[in-house]
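**Student:** Curious how this folds, go ahead:
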Amino acid sequence: ARIDEIRKAKLNVVVVDAEGNPVPEAKVQVRMKRHAFPFGTAVVASALLGSTADDEKYRQAYFANFNSAVFENDFKWGSFEANRARSLRALDWLGEQGIQHIRGHNMVWPGWRFLPADVRMLASNREALRTRVNNRILDAGRASAGKFKDWDVINEPILNRDLQNILGDDELAAWYRLAREADPSARLVLNEYNIIANDDRNKADKFFAMIQWLRDKGAPLDVIGEQGHFGFGLTGIARSKEILDRFATFGLPIQITEFDIDVYDEKLQADYTRDFLTLCFSHPNVDAFLLWGFWENRHWKPAAAMLRRDFSLKPNGEAWRGLIYEKWWTNADLSLDAEGYATTRVFLGDYEFTARLNDKTVTILAPVTQEGANIKFQLP
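**Tutor:** Sure, this is the predicted structure:
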C-alpha cells in the first residue's frame, strides 16, 4: 500500500484527431523505460572502460539490471590520485550513457589505513595535515563538479577517528562546508555501516548523535547513508523499519548505499533481498538503493554477488529483477472512454507512450513524476 501511494502517480491520456475530436477507438500503449527511483550498484572503472569479452558482458549486465551507480574504489582518495584520468573518464562515460544518478564515494575515510601513506606522515604537523585533507576535498569535488548526484563526504567516522583525534571533531563540519564549496550541486552524505545490518544499537546511537551534532554545527548534510552489508545476522524486517523510522525523524533522505548479503544459502539470500528491498522501496524517506557490486568476479564478497562468474543470474538476482522489472514495472494497454480519455496509476519513471489507429501512429517520450502526467495525442 505504501509503494502504491509513494512510488506511483496518476497518468491521464487523451487521444484526439486533427480537429480536436475524441478518438475513443484508438489503442494506447504505455511502456516504461526507466525507474525514477535509483536502483544501482558499485561499478569498477577498469571494467566500464575495458576491452575484454568479460568487460563487455559486465557493461551489458550493468545496463540490464541498474539505472544508478557508485564507483567502488576509483574515487577514494588514494585510488583517485593514482588513476585520476581513468576515474574521471569512467564518470564521464556513465553520464554519456544516460546514467543520471551517480554517487561519489568518498572524500574522506578518516582512518590511517584508508588514507594515502603520505597523509599519515603528517600526523605530527597539525596544520599541514589539515591543509592536505582540505585540498583533497576541494580537488575531488571540483574535478567532478556537477557530475555526482550525491557525494559521501565522510565514510565510517564512528570507528575511524584518526584524523579527528588530531584535528578535532569540529573539522567534520568544516569538511562539509568545503565539499559544498567545491561542488554546490551535489547532495552531501554521511555514510556508515552496521546501523541496520547487524543492528549495532550502540553504534546507531552514536551515528544518530553525530548527525544531530553536524546539523547543530550548521554542516550542509543532505543525505543519510546506511551501507547495508549483511552477514549471517540478518536484521528482521520489522526491526529494520524501526531503524529507518528513527533516522527519518531528521527529515532527510536515507540511502541504502552498499547492500549485499554474504551468505551461502542462496534461498535465504534471495528471500531477504526481496523483503528488505520491498521495505526500503516502501519507505518514504528512502530515495536510493545500491548494491556493493553484482558480478562474482568483481565483488569483494563473491558469495554475495547476484551474477555468477559466467554471468548467469543467481536467485537473489532473480528476486531483484522480479521486483524492479516485473512487479514494480508498468507496461499497460489502455482502453479509452467515449471522450477519448483513460486514467491509471503508474510507477514513476521515463515512458514511451504510443497511440495507434489503423495506419496512424504517434509516439511521445515523457516522464511520469510525483505530480503525475497528462499525455495528449493528436492523430493526423
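**Student:** Just list the residues touching Pro157, thanks.
**Tutor:** For Pro157, the contacting residues are 110, 164, 172, 190, 192, 210, by C-beta atoms under 8 Å, 6 or more residues apart in numbering. In this view, the C-beta of every residue, glycine as well, is placed from N, C-alpha and C.
**Student:** Could you tell me which of the residues you listed belong to strands?
**Tutor:** 190, 192 (DSSP state E).
**Student:** Of the contacts of Pro157, which count as buried by neighbour count?
**Tutor:** 110, 172, 190, 192, 210 (16 or more other C-beta atoms under 10 Å).
**Student:** From Ser68, how far out is the third one?
**Tutor:** Think Leu190. 19 Å (C-beta to C-beta, to the nearest Å).
**Student:** Also the fourth one?
**Tutor:** Glu192 sits at a distance of 20 Å from Ser68 (criterion: C-beta to C-beta).
**Student:** Repeat that for the second one.
**Tutor:** Separation of Leu172 from Ser68 (C-beta to C-beta) stands at 27 Å.
**Student:** And Gln227, by the same measure?
**Tutor:** Gln227 is 16 Å from Ser68, by C-beta to C-beta.
**Student:** now swap in Ile324 and tell me
**Tutor:** 11 Å.
**Student:** which residues do the two both contact?
**Tutor:** Phe39.
**Student:** In terms of neighbours, single out the busier of these two.
**Tutor:** Ser68 (24 against 20; other C-beta atoms under 10 Å).
**Student:** what bridges to the nearest residue to the more buried one once chain neighbours are set aside?
**Tutor:** Spatial nearest neighbour of Ser68, excluding adjacent residues (C-beta to C-beta, 6 or more residues apart in numbering): Gly40 at 2.8 Å. With beta bridges defined as DSSP bridges, Gly40 has these partners: Ser68, Leu290.
**Student:** Quick one: residues contacting Gly40.
**Tutor:** So, once contact is read as C-beta under 8 Å, 6+ apart, Gly40 ends up touching 66-70, 101, 103, 288-291.
**Student:** Quick check: the two most widely separated of these?
**Tutor:** Greatest spatial distance in these: His101 and Leu291, 13.8 Å, computed using C-beta to C-beta.
**Student:** Looking at these two, which is more packed in?
**Tutor:** Leu291 (29 against 21).
**Student:** Excluding residues flanking it in the chain, which one is nearest the more buried one?
**Tutor:** Thr41 (4.3 Å).
**Student:** which element is Trp93 on?
**Tutor:** Here Trp93, judged by DSSP states H and E, is contained in helix 84-96.
**Student:** got it, and Lys206?
**Tutor:** With DSSP H and E as the test, Lys206 turns up in helix 201-216.
**Student:** what sits up against that helix?
**Tutor:** 157-159, 169, 172-173, 176, 190, 192, 194-195, 221, 224, 243, 246-247, 250, 252.
**Student:** Only the buried residues of that helix, if you could.
**Tutor:** 203-204, 206-208, 210-211, 214.
**Student:** For those residues, give me TSV that also has distance to Phe114 and pLDDT.
**Tutor:** Listed next are the buried residues of helix 201-216 as TSV, based on distance: C-beta to C-beta, whole Å; pLDDT from 0 to 100:
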residue	distance to Phe114	pLDDT
Lys203	18	97
Ala204	22	98
Lys206	19	98
Phe207	18	98
Phe208	23	98
Met210	18	98
Ile211	21	98
Leu214	20	98
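**Student:** which one of the residues you listed sits closest to Arg274?
**Tutor:** Ala204 (24.3 Å).
**Student:** Can you give me the distance of that closest one to Asn106?
**Tutor:** Ala204 is 20 Å from Asn106, by C-beta to C-beta.
**Student:** same question, Ser46
**Tutor:** 19 Å.
**Student:** go on, Lys241?
**Tutor:** 27 Å.
**Student:** neighbour-wise, which of these two wins?
**Tutor:** Just comparing Lys241 and Asn106: by other C-beta under 10 Å the higher neighbour count belongs to Asn106, 24 against 17.
**Student:** Mind jotting down where the helices sit in this structure?
**Tutor:** Using DSSP state H, the helices of the chain run over 2-6, 45-49, 53-65, 77-82, 84-96, 117-120, 126-143, 162-167, 170-182, 201-216, 237-248, 266-282, 315-322.
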